[in-house]
Structure formats: structure tokens, C-alpha cells
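The following block contains a protein sequence and its predicted model.
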Amino acid sequence: MHQLESNVPAGPLAEKWDRHRMEMKLISPANRRRFNIIVIGSGLAGASASATLGELGFNIKTFCIQDSPRRAHSIAAQGGINASKNYANDGDSIWRLFYDTVKGGDFRSREANVYRLAQISSNIIDQCVAQGVPFARDYGGLLENRSFGGAQVSRTFYARGQTGQQLLLGAYGALSRQIAAGTVTMFPRHEMLDLIVKDNRACGITARNLLDGSLETHLADAVILASGGYANVFFLSTGAVSCNVSAIWQAYKKGAFFANPCFTQIHPTSLPLLSDRQMKMTLMSESLRNDGRVWIPKDPNDKRAPNDIPEKDRDYYLEEKYPTFGNLVPRDVASRNAKFQCDHGKGVGPTGRAVYLDFSDALKRDGKEVIRRKYGNLFAMYTNIVAQSPYETPMMIYPAAHYVMGGLWVDYNLMSTIPGLFVLGEANFSDHGANRLGASALMQGLGDGYFIIPYTLADFLAKNGPAGIGEDDSVCGESIQSAGLRIDRLVSINGKRTVDDIHRQLGKILEDYVGLARNENGLQTAINQIRELREEFWNNVKVPAITDSYCLNLQKAGRLADYLELGELLAQDALERRESCGAHLREESESDEGEAIRDDKNFCHVSAWEYTGDESAPKLHKEPLVFENIQLTQRSYK
Amino acid sequence: MNKHNYIKVTLKVWRQKGPDQPGRLETIEVPDVDTHNSLLEMLDHLNGQRILDGKEPIEFDNDCREGICGTCGAVVNGIPHGPGKEKTLCQLHMREFSDGDVIVIEPFRARAFKLVKDLMVDRTPLEKIIQAGGYISARTGGAPDGNSIPIAQEIAEEAMDAAACIGCGACVAACPNASAMLFISGKVSQLALLPQGKPEARTRVLSMLKQMDSCGFGNCSNHRACENACPKGISIRHIARFNREFIKASIFGRSRNIA
């Protein structure tokens, strides 16, 4: 069966990518138009890949679920994008960005991939500026920077608290240009329901037109999945309603190994839960931790309003415990500490599951106008939801599921274990290890789409030629038939529970047993409960039988069916990984202060799971992680 | 944050099965609305009950639920995105309403926006306007260093103000002429302010305007309802800048052919 070959080029780390680009095969401009590529997803990774490949002359078909590519959830990213420009003159370099990212990932990512990302990070900023992305500027007119968690340098470029929006609109502009030029055909309101694989090569998809329910075959010489992350498996996450695992899950079932599914990131600063009918969690950008100070009352019985609690009665627990990084410790460290305090009865807010993020010092120091310029939109969002103003009283925040480091396994060329299937952005596993640092997701999505896939895809096509399959091939009809059968089954169950109700329950199981802290018993319990819930779903869900016009509930049913399978794999992966690393905390492998203790001897590898059937256990493959350029250390942010 | 408050409201929601089907306002009593919830969360909860009762759920576009993707939008009691300034529909919370209120919810109406189903409309014309030139032609890979052209901070801030448009179409819905002027001005203004946008400035404004006209949007007669409805607070001074760009371009420039 398949052996995991990372295909990392030989040679010194700093030369690998340049050498690879020299050695990879090209496709001449005149020949590119003979190749058809499918891109699933129009976020940062999907839009940048579609636009760049279209510019190069390939024929692209890009699919997105929403009514426009500009709706992808990349639009919601707030805080910023990292690059190793060292404009701040405070000691940054490609090496340091690489090192911070690998360390932030707790030494569970592939060295060469991360180095390459650090290397191309500067090109990304240049490209965005050229597209007219309105990054913040200092008084002299040069690009402004700020700090993010896990770094002691200021390397993050931003556009107010709307960086994701502006970066996506830059890529969307480039994509729009190619749509007008005819190199990219856009299929909005289309959802990929199945991957078509023939003779061990990805060669197309079955897509559903969400407006009229019709199923369509689309063929290609290569398929790129840029469908984002699966944090929404927790139901209450910072994701959008349509965020799903389905595209990569279908690929998993066709042979694409799924790597490190249990590496899920719980972001420390989200608004706490206010109602049991709430449908999502609202993120407050990590950039707020540049100026906000995290604290709780020293005395758990202190119920005074925060502004009435004097300094001496406040516990600034992050600054106390981590003098070097203070409030800017990486996300997993911040989240765990918040949970720790709340578990010990020291939380604030109506549910006791919140901590304060206080801006009074920054407001006194810099003035309201400066703070408004940096965070205005975030403060407005907070006020709108909570009916309190962060200009006057500390914010209440609590961790929420936000991002996933896990995803489909890819090699150095971003190709999965299915030849011809490439995976970009959050949908793949590669660069963030066991914990992603802030402002690096935007960097990865654009890096993958603008500067990596155009090279590696051309090399693949040059070596393998066209896929050579037609719509009359039996695999196409089989794929449409199986997708159709699943829809028929979903609408025929006619049970007594709604999709959202079951999804909420799945989220609760995961939050309780597979969330910030995991243990052997809890994980086994989660696996059992998820299996039962899945059974319940297929016997008792009620989905309206509206298949020939737009029906969001039917779409959500299909996505939940996949989440109910992913959830089990996630728990299984967490169970298998009997160590703590990054965002994956096993209580059995935890220091007295709640820090993750890795087991490098037994677990310094990528866990890549192979599907063996719906009723059988997946098979675990391990890609050993070898660090030739970095010394593994116990992460410390003290 | 207060304890939970439950109120009773009466919804009158637009229902329409498809673009060529007749539509009507359906009256629905909702007896137990949690005022902590957003209006869309209320609709989700209502839809859950309707599904269990065998009734068709109310379809409405939505995604991020945090006011940035521009997917959601409806006219609530006559106001695009509902009462309150600078919020999208998904950010409208039920604490804005009182026990016993009647809430009328209708889709965005404009000749250019064909109705899809219930509260969903087709905003593809906005895509077409962007495709006609709402970008800078910057091929991937050839960009100079990001700091090679300094941009005054106030220019960068003004460009960011204009760039904040989320493409929701509320401006079109609010305008008595169903003009997309605020939408087009946001993009043209952003790219006119930034030095990188200068090479294509003339072609851009003329091509985008031509596309906007051919999509069936109305003309601007300075009502300012758009600015009032915009969830991101985009100012009509960007329309003024657009008009100036148009005049400059009309004298010296030409538009591209549009497919």
C-alpha cells in the first residue's frame, strides 16, 4: 500500500525550495491551456491558486458553496499576516520566523515546509500591496507592524482588524480578473459531494448545484482542495455556518490520508456563551492581546464590578507566570490557562466561564483615538453582542474552537496520497504542527496558492500528462449515483430530531472530552458516544424533503453526516497520541503548571490515517519528523 | 450581561418558492424569543420547529454570522439589515425589539437582484461589476518590495474606509433608484487613492460604470439612503470621489470591452 514519502528535496534547508524550483518540470505557455484544473473553495488559498493558475494559462473551474467567492470564511480573519521582512528592525529574519513557527507548533511540523513558508512570506506582502490591499501605514508612509502571540518581534502586517477581508478581496480581485479573461470559470452555489478517482489518479468531482439540486460531473487533470478547516465539528466555533469537512472527507474515503486530525486549536479570546440557542462563537482577534491585559480577581468570591476591583486584588496571571511573553503567549498556552482558572472557580461573568481582557492601561497610555484606529471594529462588534463597551469596562473572553492544524496529509509538493489531488490552506495539515501561531494562517493560505502550487502542479502535469477520462466513463456515473443515493436516504429518514440539535450534541461531546484537556477514559467515552450519536442521526434525523430548490437544512445534514464520522477519527487520533504537544493536551502527560510534556521518543511523527471502510478501523501510518536544523526543546514562554 | 428575557413577536416574512412563482407575506407567531439571540438565531430556532412540524423552513442567505462576509441581508421593518446603525442582519439582536412587536422581513428588492427563494436574492450583478475592473492587474510574482512606494497614513486610512465594503447590497436595497453607486464607489475610491491603482484608474471607472448600467441598476440622485443603510458606514464622499474619477476619465480615458 501507500508509503508516506514526503518528497522533501535534498540539500541544505535554505536551498531546498530554490533547488526544487530549478529541477521541477515546466509546462510551456502554449501547452498550459490543454490542462483543466478544478479548485474547490475560494478562500485565500483557493482564490489565490485559481487566479495564479489562470494567469499562467491553465483552464480553471473554481467551485464555492456561497453565492460569491468573496464570502469564504477567510474574510473573517481579523488580526494580521506574518512575514519576515524585519521592517521593525527588531531581529526578525527568515530563520527566526521559521524557528518561531516550528517551536510554536511544538515540533510536530515538517521542517522543510515551514522554512519554505518563512522564505516566501515576504513575497506575499509585496503581492498584496501590489493588489491594493490597504495595509496600515506609519506616519512616514511605510508599512506598519504589530506583534502576535509566540513572537518577540513585530512581524505582523495588518489592515485594522479586518486583515483577512482585505487579503481575500485582493485575491478575489485577481480571481475576478481571470474570470473576466475567461481562464477561470466560477461555479458559485455548488458543493462538491464526491471525488472521482480512476486508476489511482484524481480526475474530477461530482458537484451539486445548490439552487436546483442537480448533480453534475466535472472532470479535470488535477483537483485542488482548498475547502478550509473543520473546527465547526465543535458546532460552537468561530467558523461560518457553511464551514465543513465534506470535500476533504470524501477524498479521505477515496484514499487521501488524514493527518493529525486531533490537532484542533481553541482560540483564547472569543466571546463567552450567552444563550443555549446560540449558533456560533464570535472571535475577538489575538491582536487585542497586544494592548489588552488578561486578569481575574484574586479572590474567587470577589463579585465586584471589574472597575471597582483595585490593582492589588487583581491576578494578571499570564504576566505573572510568563514574564517574557506575558499576554502574548501562544494560543494553546493562553487557552489552557484561562480554562485552568475557570475550572478552579476563579472565572468571571454570569456563567463563571470567562476572564477579563482589560484595555484601561492602553487607553490611558495611548488615548482613545489610537485604540479606536487599531481595534475600532472589534470593539464595536463586542458592544453590539454584549451591550457593554470595552472603552469603559474590561471585555469578557473565553476560549472557543477556531482553527484546525490537522487536515489531509500532503507531501512537499502539497500533493496528497492520491496522485493529482492537491490540498492547500487550512484543509491540509503541513505547516503549523500541533499549534498554529497567530497571523500565520493567512500567510500559509496565500503562500500555498500564490507561490507553491503553480510550480508543483506544473511539475505533476508535465510528468503525468492529462488524466484522459471522459464523462462516459463508468466512474462518473457511479459517483453521481452514490451522491444521489445519500441525499435520498437523508430525506427519507423522517425522524424526530433536527440537524442542528444533533450537531449541537456532537459539539458538546467534543468540547467535554476532546477539547482543551483530554484523557484516556474521556476519549474512549467520546468515541462511544459519537458512535451512538451517528447511529441516532441515521435513524432519527428529520430533514425536509426539498431536493429540487435551495434548502440549507439538507446541505447541513450532509455536512453533519461527515462531521459525525470525522469526530470519531478525531477522538481516535487523540487517544492514540499518548503525549501532549501544542494544542493537544493529554492530562496524563502534563506538568503541574498545566504545560504540555511531549514524548519525542515515541511521538515525534505525523499520524496519517488511512480509510479502510465505514465499518472498520482506519489504519495508522506514521511519518517520522526529523529535525536537522533545530534542537527540540521543551517549549517555554517564561 | 443581563439574565434571559423572553418576548413574543409576530413575524410577517416574505415567502416565495422561486423567481417565477408568486410570493406573499406569511404571518408567524413566535412565542418564546430569547432576547440574547440574534434575529437569525431566532429564525434558526423557528426553522427547527417548523421542520419538526413538517413545514417548509424559511430560506435566507447567511454565513459568517459576524458582520463581515456580506452574505446575509433582508429588509426588516422597512430598513435594510434592520434598525440600528452599522450592523448587518446577523448582528441584529432581539433585544432591539419589545414584547408584542410585529416584525416584517422582506428580501432586498431591486430590478438587478432577481429573487431566488424566500428572502434570498441573486447579487451576481455585483460580481460582474468587480469583474469589469474592480481590481489592480498585478500578475502574481512580479511585485516590487511592499515599502517601495510610501503611502501617507491618512491616504491608507481613507482607502481602508472605502475598502471596508462587504458587498451585501443593502445600499442597493435602500436606494429609491436601486442604484449600486455606493458599492461601485467603495472599490473605485479605494483603488483611486492608492498609487498602485493609478495606471488603470481611467479604464477602471468607465468599464465598471458601463457594467453597472447594463446590469439594470438605477442612477444616483443623491438621496443618501445608501450611506444610512450601509452596515460598514461607508461614506458618500466616496461617491464624490467616484464622480471626480469619472469626469477625469471621460475626458481622457476609454472603457474596456465588456463581455
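Looks like it arrived, so ask away. Residues are numbered from 1 along each chain as shown, chains lettered A, B, ... in the order given.

Whatever helix or strand residue B:208 lives in vs chain A: in contact?
Following DSSP states H and E, one finds residue B:208 within helix B:201-214. No: against chain A, helix B:201-214 shows no contacts by Cβ under 8 Å from any Cβ of the partner chain, the least distance being 9.5 Å. Placement of C-beta: from N, CA and C, glycine included.

Residue 143: what's it in contact with?
No chain specified, so I'll use chain A. A:85, A:87, A:125, A:129, A:135, A:136, A:137, A:157, B:146, B:147 (Cβ atoms under 8 Å, 6 or more residues apart in numbering or on different chains).

Switch to chain B, please.
Contacts of residue B:143 (Cβ under 8 Å, 6+ apart): A:123, A:126, A:127, A:129, A:130.

Next SSE downstream of the longest helix along chain A?
If each helix of chain A is counted by residues according to DSSP state H, the longest one is helix A:552-576. Downstream of helix A:552-576, the next assigned helix or strand under DSSP H and E is helix A:600-603.

and that next one, what other elements does it pack with?
Using 3 or more Cβ pairs under 8 Å, 6 or more residues apart in numbering or on different chains; DSSP states H and E as the contact test, no helix or strand touches helix A:600-603.

Now do it, average pLDDT.
Across helix A:600-603, pLDDT averages out at 96.

Residue nearest the middle of chain B, spatially speaking?
Nearest residue to the geometric centre of chain B (Cα atoms, centre = their mean): residue B:168, 2.0 Å.

Mind checking what secondary structure that residue has?
coil (DSSP: H, G, I helix; E, B strand; the rest coil).

Now do the same for it: its pLDDT.
Confidence score, pLDDT, at residue B:168: 98.

is it true that it touches residue B:73?
Yes: shown here, residue B:168 and residue B:73 form a contact pair, counting by Cβ atoms under 8 Å, at 4.8 Å.

what residues do those two have in common as contacts?
In contact with both residue B:168 and residue B:73: B:81, B:88, using Cβ under 8 Å, 6+ apart.

related to what we said a few turns ago, ok, and of the contacts of residue B:143, which contact chain B?
Among the contacts of residue B:143, chain B is touched by A:123, A:126, A:127, A:129, A:130 when using Cβ under 8 Å from any Cβ.

for stretch A:460-473, the distance to its chain's centre please.
Stretch A:460-473 sits 30 Å away from the centroid of its parent chain (Cα atoms, centre = their mean, to the nearest Å).

Flag every buried residue along it.
Using 16 or more other Cβ atoms under 10 Å in any protein chain shown as the test for burial, stretch A:460-473 gives A:460, A:461, A:467, A:469, A:473.

related to what we said a few turns ago, ok, and what's touching the helix holding residue B:208?
Taking Cβ under 8 Å, 6+ apart as the rule, helix B:201-214 contacts B:125, B:128-134, B:180, B:184, B:187-188, B:191-192, B:197, B:242, B:245-246, B:248-250, B:252-256, B:258.

Longest helix in chain B, please.
Longest helix in chain B, counting by DSSP H: helix B:237-252.

And for residue A:280, the neighbour number?
24 (other Cβ atoms under 10 Å in any protein chain shown).

should've said residue A:139
Neighbours of residue A:139 (other Cβ under 10 Å): 9.

show me the contacts for the nearest residue to it once chain neighbours are set aside.
In space, and not counting its chain neighbours, residue A:139 is closest to residue B:153: 5.6 Å by Cβ to Cβ, 6 or more residues apart in numbering or on different chains. Under the criterion of Cβ under 8 Å, 6+ apart, the neighbours of residue B:153 are A:137, A:138, A:139, A:141.

Next up, identify which helix or strand the closest residue to residue B:197 other than its chain neighbours is on.
Spatial nearest neighbour of residue B:197, chain neighbours left out: residue B:191 (3.4 Å); criterion: Cβ to Cβ, 6+ apart. Using DSSP H and E, the element containing residue B:191 is helix B:181-193.

Show me what that helix is packed against.
helix B:124-131, helix B:153-163, helix B:170-174, helix B:201-214, helix B:225-229, helix B:237-252.

picking that back up, of the contacts of helix B:201-214, grab the buried ones for PyMOL.
This is how PyMOL selects the buried members of these, with burial counted by 16+ other Cβ under 10 Å:
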select buried, chain B and resi 125+128+129+130+131+132+133+134+180+184+187+188+191+192+197+242+245+246+249+253+255+256
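
which regions of the chain sit below the pLDDT cut-off?
You didn't say which chain, so I picked chain A. Counting by pLDDT under 70, the ranges of chain A that qualify are A:1-2.

Not quite, go with chain B.
B:1-3, B:253-259.
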